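[1] here's my sequence, what's the structure:
(chains A and B)
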2 protein chains.
Amino acid sequence: MDHPFDLTAAMALLERTPHLLSAWLRGLPEPWPAAAEGPGTWCPYDVVGHLIHGERTDWIPRVRHILAGESGPFEAFNREAQFSESRDASIGELLATFSRLRRENLERLRGFSLTSDDLGRRGLHPELGEVTLGQLLATWVVHDLDHVGQVARTMAKVYGATVGPWSAYLSILRDRVRS
Amino acid sequence: MDHPFDLTAAMALLERTPHLLSAWLRGLPEPWPAAAEGPGTWCPYDVVGHLIHGERTDWIPRVRHILAGESGPFEAFNREAQFSESRDASIGELLATFSRLRRENLERLRGFSLTSDDLGRRGLHPELGEVTLGQLLATWVVHDLDHVGQVARTMAKVYGATVGPWSAYLSILRDRVRS
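    Residues are numbered from 1 along each chain as shown, chains lettered A, B, ... in the order given. Prediction:
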């Protein structure tokens, strides 16, 4: 059910992500914040750290890169920077940082006063090749949703066996199962 | 990464679900609340209606059924009642109803003062056979998370094509794809 990119609708969802994650994860006791799906997978705490790194180094820097008409590729995004950057913060502190950075970034985005012509402007992704500004902003939205879905799936699997025979009805328990 | 059922941890997550859904969906413009993954799939609006029906007819009535020591099966849960019950309400009204019902149900659950022995008490599911009270309560939690994941996945697919080449990195776009 594809829709064209709409800046107002996209920003409405982007601005809600920190609020929903805070409503969900702030003050949540163990086992939830540190639960992972298995070796090498991320717990909710890791996901929030990853989202913070994206606010700092990925989305707005790439918007600026495109708007500046730079011909070189974007700087590569380190998808695992949270493991070195945010080990000492509580999840409440990470959520507060994410909320502040997202709010600031949406103010910057508003400040660009993007036109529909701007959304068609092109940049060079280091692996994917030519991409548009509209695709970048749509990706920001879907990237949020991907990680919200990951947090739901990861916490669900904490009770993967605990639900007993009901697991037959709970299809999230079979998403991304490693063989 | 399975964990045993823990009533305090489970209730912490159950009480947050209405807050996170409200932070996410209240006032959210189209195309998000009415977006679905395809024919016969549910949009976020439908999911909230389904969660309301569960609060009214599924979880607490089944807890009571088990605690009363009834030997007959639970009443079957109508998974699609939202399509006849809540067609006229706004999503904001549905979210307020869900929040109220969930708060009342968690008060009832607290009022039962369940012991670990109680969690092992058994009931009869009309399709799944013998289940325990602990399994029922773990299922309540995972059922919430399953639908939160569904909302994330459904809204992500709105921009399934709009992200362009980035879809290669956004694995949520390939979850539950119908062939």
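[2] all helices of chain A, in order?
    Per DSSP state H, chain A carries helices over the ranges A:7-25, A:44-57, A:59-67, A:82-85, A:91-111, A:116-119, A:133-156.
[3] contacts for the lowest-mean-pLDDT helix or strand in chain A?
    The helix or strand of chain A with the lowest confidence, counting by mean pLDDT, DSSP states H and E, is helix A:82-85 at a mean of 74. Outside helix A:82-85, the residues that touch it by C-beta atoms under 8 Å, 6 or more residues apart in numbering or on different chains are A:46, A:48, A:49, A:50, A:52, A:53. C-beta here means a position set from N, CA and C on the backbone, and glycine is covered the same way.
[4] and of these, the nearest to residue A:146?
    residue A:50 (10.6 Å; C-beta to C-beta).
[5] on that earlier part again, and the least confident helix or strand of chain A, which residues are buried?
    For helix A:82-85, burial by neighbour count (16 or more other C-beta atoms under 10 Å in any protein chain shown) applies to residue A:82.
[6] which residues sit in contact with residue A:108?
    With contact set as C-beta under 8 Å, 6+ apart, residue A:108 has these partners: A:60, A:63.
[7] picking that back up, may I ask which of the contacts of helix A:82-85 has the most neighbours?
    In terms of neighbour count, residue A:48 stands highest of the contacts of helix A:82-85 at 27 neighbours, by other C-beta atoms under 10 Å in any protein chain shown.
[8] so that residue sits against residue A:20, correct?
    No. Using C-beta atoms under 8 Å, residue A:48 is not in contact with residue A:20; the gap is 11.8 Å.
[9] identify the contacts common to those two.
    Overlap of the contact sets of residue A:48 and residue A:20 (by C-beta under 8 Å, 6+ apart) is empty.
[10] count the residues that sit near the residue lying closest to residue A:136 once chain neighbours are set aside.
    Leaving out its chain neighbours, the residue that sits closest to residue A:136 by C-beta to C-beta, 6 or more residues apart in numbering or on different chains is residue A:62, at 5.7 Å. Neighbourhood size, residue A:62 [other C-beta under 10 Å]: 21.
[11] does residue A:62 touch residue A:76 like I think?
    No. Under the criterion of C-beta under 8 Å, residue A:62 makes no contact with residue A:76, lying 11.0 Å away.
[12] on that earlier part again, and the residue nearest to residue A:136, what is it in contact with?
    Residues counted as contacts of residue A:62 (C-beta under 8 Å, 6+ apart) are A:74, A:123, A:136.
[13] same check, this time on residue A:155
    By C-beta under 8 Å, 6+ apart, the residues touching residue A:155 are A:32, A:35, A:44, B:13, B:145.
[14] who touches stretch A:4-14?
    Against stretch A:4-14 from outside (C-beta under 8 Å, 6+ apart): A:102, A:106, A:109-110, A:114, A:119, A:134-135, A:137-138, A:140-141, A:144-145, B:27-32, B:155, B:159, B:162.
[15] give me the buried entries from those.
    Here, 16+ other C-beta under 10 Å leaves A:102, A:109, A:114, A:119, A:134-135, A:137-138, A:140-141, A:144-145, B:28, B:31-32, B:155, B:159, B:162 buried among those.
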